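[1] curious how this folds, go ahead:
(one chain, ligands or ions: 2)
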Amino acid sequence: MREDYADLVQQAQRAAETAHAPYSRFRVGAALLFADGAVVTGANVENASYGLSLCAETVAVARALSEGRRGGLVAVAVTSPDADTISPCGRCRQVLNELAALDRADPLVIGAGEGGTRQWRLSHLLPDAFGPDALSGKEGEG
Ligand SMILES: O=c1ccn([C@H]2C[C@H](O)[C@@H](CO)O2)c(=O)[nH]1
Ligand SMILES: [Zn+2]
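    Ligands and ions are numbered 1, 2, ... in the order given. Have a look, this model is predicted:
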């Protein structure tokens, strides 16, 4: 793994320590690397109404968008101290695509764990994605 991605994985590991996961006890951290070098992290946030729980990747994307980021997504690291290996769930693939598609990026997704590190392009995890392009001409300001 390139040195910068090892650092990104470390930031995801640190984020996982802040997970609010009292129900599953499965902590996850995500770290998004942007072209300007910025890193935005997230951890999973569960809810007593279990189905309302948010994944780490989704929290990180929401943080990035709410900071005003509208592109430049280069790489995403996801990790859990409670699993040997991890890859983003289907919902998170779609949520990641929303940010990536804003400037037609195809970020590297890194699933890191004790069992090893796997890397994919987002387009491999979510082929033929439904994204903002499908609504072009229909989307409002926002
Ligand atoms: O890629 C993943 C997979 C699962 N989770 C969270 C959701 C839930 O809080 C817990 C168990 O599924 O892990 C993530 O944050 N990211
Ligand atoms: Zn998810």
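[2] does the residue nearest the centre of the chain count as helix, strand or coil?
    Nearest to the centroid of the C-alpha atoms of the chain, with distances taken as CA atoms, centre = their mean, sits Glu57, at 3.2 Å. Three-state assignment for Glu57 (DSSP: H, G, I helix; E, B strand; the rest coil): helix.
[3] nearest spatial neighbour of it, skipping sequence neighbours?
    Cys92 (3.9 Å; CB to CB, 6 or more residues apart in numbering). Every residue, glycine included, has its C-beta placed from N, CA and C.
[4] now the element after whatever helix or strand that neighbour lives in, going C-ward?
    Cys92 belongs to helix 90-101 when elements are defined using DSSP states H and E. Per DSSP H and E, the first helix or strand lying C-terminal to helix 90-101 is strand 108-113.
[5] sorry, back to before: what's the distance between the helix holding Cys92 and the middle of its chain?
    8 Å (CA atoms, centre = their mean, to the nearest Å).
[6] so what secondary structure elements neighbour it?
    helix 56-66, strand 73-79, helix 122-125 (3 or more CB pairs under 8 Å, 6 or more residues apart in numbering; DSSP states H and E).
[7] please save the CA atoms from it in CSV.
    Presented in CSV, the C-alpha positions along helix 90-101 are these (Å, rounded to 0.1, in the frame of the first residue of the first chain):
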residue,chain,number,x,y,z
GLY,A,90,-24.7,-1.4,-0.7
ARG,A,91,-26.3,1.8,0.7
CYS,A,92,-22.9,3.3,1.4
ARG,A,93,-21.7,2.5,-2.2
GLN,A,94,-24.6,4.6,-3.5
VAL,A,95,-23.9,7.3,-0.9
LEU,A,96,-20.2,7.4,-1.9
ASN,A,97,-21.2,7.6,-5.5
GLU,A,98,-23.2,10.7,-4.9
LEU,A,99,-20.1,12.6,-3.9
ALA,A,100,-17.8,10.9,-6.4
ALA,A,101,-20.1,11.5,-9.4
